[in-house]
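K.L.:
Here is the input, now give the coordinates:
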Amino acid sequence: MKLWGGRFEKGPSDLLRQFNDSFSFDHQLLSEDIDGSVAWAYAIADAGVLTRDEARSIVTALSRIQPPVKFNEHEDVHSYVESKLREAIGPLAGKLHTGRSRNDQVATDLKLWLKRACDEATSNIRALALILVKRAEAEAATPMPGYTHSKQAEPITFGHWCLAYVEMLQRDIERFAAAQARGDECPLGAGALAGAPLPIDRMKLAQSLGFARPSANSLDTVSDRDFAVDYLFAASLLLTHLSRLAEDLIFFTSDEAGYAELPDALATGSSRMPQKKNPDVLELVRGHAGRAIGELTGLLAVMKGLPLAYDKDLQLDKEPLFRMRVTLGAALPALTALIEGIELNRERMRAAAAGPMLMATAVADAMAARGLPFREAHEVVGRELASIDELAREYGVTLDGILASKKAFGGTAPERVTAAARAARARLTSSTSDHRQPTTAGQTR
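P.N.:
Numbers count the residues shown, from 1 in each chain. Here you go, the predicted model:
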């Protein structure tokens, strides 16, 4: 069923349909399209277009529409819904589109979908962050080397390392929340570009769909995809953070470092080398970060030259969003389980953290504490690295003492890490947080 065609003497060619039709992917907006259509039915009933009985008939029929089996018989999800509605209630179905355009319809569907995708991502990010907090609490005093420039620098604790990523994930949660807040405007009622020709109460309509407010300008409304870009940006930065975490863990579990071992259930082997235990989950996360950046830049490139208002280029906004949601829905739970199950080699971590080169900065600090200007102490230690063990003993520098001294706010002292972990848990489980369980794509309703 086409929603257009009255002025055409010939039907669309197969070439047009192959290139133009979007039902093969936008069927994923079925739930949102039905929700928007239900709200529109009630709105135009309030405006006098439908009787209450007609509105109820339409809403009942909409609620019974099932997901498609075939994806080559309809132009898009909107034509599928209208076709199934017509099969159920006949010509009355044609009244539903009064005052509505596919332009404001798809914008509404997409914003509803994005709101749910953000909720899903936030829930899964929070679950990962809480596992890192749990590990941080348990390993607040577990020493390990800290690195700069991929070189051993100063001792830290594994708990402190965990909390560094919790901070990143907290910012990711805030970014998805900010994207939702900016996108919390209902497009329905904007029409094709000039607004609806009906006395629609758009505030009531927006609230019925869970939006904070209606959009303010119909031209902007049907061509706005800022929410989609915001979502892809938040997702690409999240995956950038996850890629950094993955890179660290790949090194920590390497034969050279040997600080930790991956859980069997989240590692793979080699078809050739029987001794291998490969970090495939971590490597895929790292790879998906690159793809995510590509999805973001791709949509920005599509958007950059579009004139007002709607253009068919905007049909290309959906597939990267759908792919991203699936990626996050798989990557975040997998990483959560991996971090929960990773086994630490605490003896090896402690031995590495107690290496003489990691004592150098603390020795210089100890010299400075006895009155030698730090720049001079730095010079002395740099010249005497070969005898750093003797200097450490002379100045009473020990691994546990180094860690305990870093007790300023934000530092790696075990007592500070424990306090920071508790504070992070409180933030993640506060009354303003989303307490829903982690979900995967397709399980949001």
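
K.L.:
contacts, neighbours, all on C-alpha from now
P.N.:
OK.

K.L.:
Dump the helix or strand harbouring residue 43 to CSV, restricted to CA.
P.N.:
Residue 43 is part of helix 30-46 when elements are defined by DSSP states H and E. Coordinates of each C-alpha in helix 30-46 appear next as CSV, following Å, rounded to 0.1, in the frame of the first residue of the first chain:
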residue,chain,number,x,y,z
LEU,A,30,6.7,-0.3,14.6
SER,A,31,6.0,0.0,18.3
GLU,A,32,6.7,3.7,18.2
ASP,A,33,4.6,4.2,15.1
ILE,A,34,1.7,2.6,16.8
ASP,A,35,2.1,4.6,20.0
GLY,A,36,2.2,7.8,18.0
SER,A,37,-0.8,6.8,16.0
VAL,A,38,-2.8,6.0,19.1
ALA,A,39,-2.0,9.5,20.5
TRP,A,40,-2.9,11.1,17.2
ALA,A,41,-6.2,9.3,17.1
TYR,A,42,-7.2,10.8,20.5
ALA,A,43,-5.8,14.2,19.5
ILE,A,44,-7.9,14.5,16.3
ALA,A,45,-10.9,13.2,18.2
ASP,A,46,-10.5,16.1,20.6
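
K.L.:
What is the next helix or strand after that helix packed up against?
P.N.:
Moving toward the C-terminus from helix 30-46, the next helix or strand (DSSP H and E) is helix 52-63. Packing partners of helix 52-63 (3 or more C-alpha pairs under 8 Å, 6 or more residues apart in numbering; DSSP states H and E): helix 30-46, helix 77-89.

K.L.:
So for residue 202, which of those sits nearest?
P.N.:
helix 30-46 (8.3 Å; C-alpha to C-alpha).

K.L.:
Can you list the neighbours in contact with that closest one?
P.N.:
Contacts with helix 30-46, where a contact means C-alpha atoms under 8 Å, 6 or more residues apart in numbering, come from 50-52, 55, 58-59, 62-63, 67, 77-78, 81, 96, 98, 105-106, 108-110, 112-113, 188, 198, 200-201, 205, 208-209.

K.L.:
at 6 Å what do you get?
P.N.:
The set of residues external to helix 30-46 that reach it, using C-alpha atoms under 6 Å, 6 or more residues apart in numbering, is 51, 55, 59, 109.

K.L.:
which among those end up buried?
P.N.:
55, 59, 109 (16 or more other C-alpha atoms under 10 Å).

K.L.:
How confident was the prediction at the second one?
P.N.:
Confidence per residue is given as pLDDT, and for residue 59 that number is 98.

K.L.:
Just give the closest residue to it, not the sequence neighbours.
P.N.:
Residue nearest to residue 59 in three dimensions, not counting chain neighbours: residue 38, with 5.5 Å by C-alpha to C-alpha, 6 or more residues apart in numbering.

K.L.:
Would you state the predicted confidence (pLDDT) at the one you found?
P.N.:
So residue 38 comes in at 98 (pLDDT).

K.L.:
Could you do the one 5 residues further on as well?
P.N.:
The predicted local distance difference test score for residue 43 is 98.

K.L.:
Residue numbering should commence at 34 henceforth.
P.N.:
Done: numbering now begins at 34, and the last item shifts to residue 76.

K.L.:
buried ones in stretch 439-453?
P.N.:
Buried, per 16+ other C-alpha under 10 Å, within stretch 439-453: 439, 444-453.

K.L.:
Ignore what I typed, I meant stretch 309-321.
P.N.:
Counting neighbours by 16+ other C-alpha under 10 Å, stretch 309-321 gives 310-312, 314-315, 318-319, 321 as buried.

K.L.:
How about stretch 369-379?
P.N.:
For stretch 369-379, by 16+ other C-alpha under 10 Å, it's 369-373, 375, 377, 379.

K.L.:
could these go into JSON lines alongside pLDDT, secondary structure and distance to residue 410?
P.N.:
Shown next, in JSON lines, are the buried residues of stretch 369-379 (pLDDT from 0 to 100; DSSP: H, G, I helix; E, B strand; the rest coil; distance: C-alpha to C-alpha, whole Å):
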{"residue": "369", "pLDDT": "98", "secondary structure": "helix", "distance to residue 410": "44"}
{"residue": "370", "pLDDT": "98", "secondary structure": "helix", "distance to residue 410": "46"}
{"residue": "371", "pLDDT": "98", "secondary structure": "helix", "distance to residue 410": "43"}
{"residue": "372", "pLDDT": "98", "secondary structure": "helix", "distance to residue 410": "40"}
{"residue": "373", "pLDDT": "98", "secondary structure": "helix", "distance to residue 410": "42"}
{"residue": "375", "pLDDT": "98", "secondary structure": "coil", "distance to residue 410": "40"}
{"residue": "377", "pLDDT": "98", "secondary structure": "strand", "distance to residue 410": "35"}
{"residue": "379", "pLDDT": "98", "secondary structure": "helix", "distance to residue 410": "32"}
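
K.L.:
I'd like those residues laid out as CSV, including distance to residue 62.
P.N.:
Converted to CSV, those look like this (distance: C-alpha to C-alpha, whole Å):
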residue, distance to residue 62
369, 28
370, 30
371, 32
372, 33
373, 34
375, 38
377, 44
379, 49
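
K.L.:
quick one: which of those is nearest residue 43?
P.N.:
Using C-alpha to C-alpha, residue 369 comes nearest to residue 43 of these, at 55.2 Å.

K.L.:
helix or strand right after the strand or helix carrying residue 383?
P.N.:
Here residue 383 is covered by helix 379-386, with elements defined by DSSP H and E. Going down the chain from helix 379-386, the next helix or strand is helix 393-402, by DSSP H and E.

K.L.:
Let me know the average pLDDT across that next one.
P.N.:
Mean predicted lDDT for helix 393-402 stands at 96.

K.L.:
Mind giving me the packing neighbours of that helix?
P.N.:
helix 407-416 (3 or more C-alpha pairs under 6 Å, 6 or more residues apart in numbering; DSSP states H and E).

K.L.:
buried sites along the helix it packs on?
P.N.:
Of the residues in helix 407-416, 410-411, 414 count as buried by neighbour count, 16+ other C-alpha under 10 Å.

K.L.:
swap in stretch 428-439?
P.N.:
Across stretch 428-439, burial judged by 16+ other C-alpha under 10 Å covers 430, 432-433, 435-437, 439.

K.L.:
So for it, mean pLDDT?
P.N.:
Stretch 428-439 shows a mean pLDDT of 97.

K.L.:
One more: stretch 207-223?
P.N.:
98.

K.L.:
Residue 293 - nearest residue in space that isn't next to it in sequence?
P.N.:
residue 377 (4.2 Å).

K.L.:
again but with residue 394, I slipped
P.N.:
With sequence-adjacent residues excluded and distances taken as C-alpha to C-alpha, 6+ apart, residue 394 is closest to residue 187, at 7.3 Å.

K.L.:
Local confidence estimate at that neighbour?
P.N.:
For residue 187, the model assigns a pLDDT of 97.

K.L.:
Equivalent analysis for residue 47, please.
P.N.:
According to the model, residue 47 scores 79 on pLDDT.
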